[in-house]
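Asker: Compute the structure for the input listed below.
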Amino acid sequence: MSPPAANARGFTLLELLVVIGLVVALAMAVVPSIEGVMGVRTREEVGKIAGSIRAMYGEAALSGSTCRLVFDLDESSWWPECGPGRVRIARKEESLRGARVEEEERDLAVSDEEKAARDQVEARKTFSSHQTLLAPVRRLPQGTFFDGIWTQHQTEVYTAGKAFLYFFPHGQTERAYIWVGHGDDVYTVVVDPMTGRARVAPERLRVPDREMRE
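Answerer: As a prediction, this is how the structure comes out:
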């Protein structure tokens, strides 16, 4: 009876080797599949950003408000805000980073009381969180990040801090390039200022020199 026992042990070892081989093969296949899932989630999030840009373009035009999308590059998050009326964007955005500047130049205050009253009025005009179909704050999926943002009022591409994309009540926004990365892959969202349409390219597009502000 000893020969059958030896044969049984040999067959069990063979099965074990086959199982180990299958496990290794599956493990190697799982890594690309996870990366594929993350890539799909990144593309979906880029699509949501593009859709939100179009939605905020319409929101500003219909409500008569100046709105903006705030992009926090450090936290990989973004959200909408709106403020009443028309504003123009500070030209020295490098130092002001989204400060509100009125269409009319502010008159000099002649007294402390007038200055206090003016400050109260302007405090009510600041941008605030805007409730739309968008979540108050959205975060990019884990492993996905903003690889840079340029909007028309900027003098250079921002890679840290906050960037702002503005939408005006007369039906116009800013030219913008928004780069979203995952691993070595980068998607570019290009915003048309006249139509508010956002085109998504599956590559990193460069801002043309003619569009960069001196």
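Asker: Show the low-confidence segments of the chain, by residue range.
Answerer: 1-11, 13-21, 23-39, 85-135, 213-214 (pLDDT under 70).
Asker: quick one, strands of the chain?
Answerer: For the chain, the strands defined by DSSP state E cover 65-72, 77-84, 87-89, 100-102, 128-129, 138-139, 144-151, 162-168, 172-173, 176-182, 185-191, 198-201.
Asker: Now for residue 142, how many residues are close by?
Answerer: As a burial measure, residue 142 scores 10 neighbours (other C-beta atoms under 10 Å). Using the backbone N, CA and C atoms, a C-beta is placed for each residue, glycine as well.
Asker: Need the strands of the chain in CSV (columns: distance to residue 57 and mean neighbour count).
Answerer: Below are the strands of the chain laid out as CSV (distance: least, C-beta to C-beta, whole Å; neighbours: other C-beta atoms under 10 Å):
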stretch, distance to residue 57, mean neighbour count
strand 65-72, 9, 22
strand 77-84, 11, 20
strand 87-89, 16, 18
strand 100-102, 19, 14
strand 128-129, 18, 11
strand 138-139, 17, 15
strand 144-151, 14, 22
strand 162-168, 5, 24
strand 172-173, 5, 22
strand 176-182, 11, 23
strand 185-191, 9, 20
strand 198-201, 9, 16
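Asker: In CSV: the ones you listed, plus distance to residue 53.
Answerer: CSV is the format used below for the strands of the chain (distance: least, C-beta to C-beta, whole Å):
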stretch, distance to residue 53
strand 65-72, 7
strand 77-84, 10
strand 87-89, 17
strand 100-102, 21
strand 128-129, 18
strand 138-139, 13
strand 144-151, 11
strand 162-168, 7
strand 172-173, 7
strand 176-182, 8
strand 185-191, 6
strand 198-201, 4
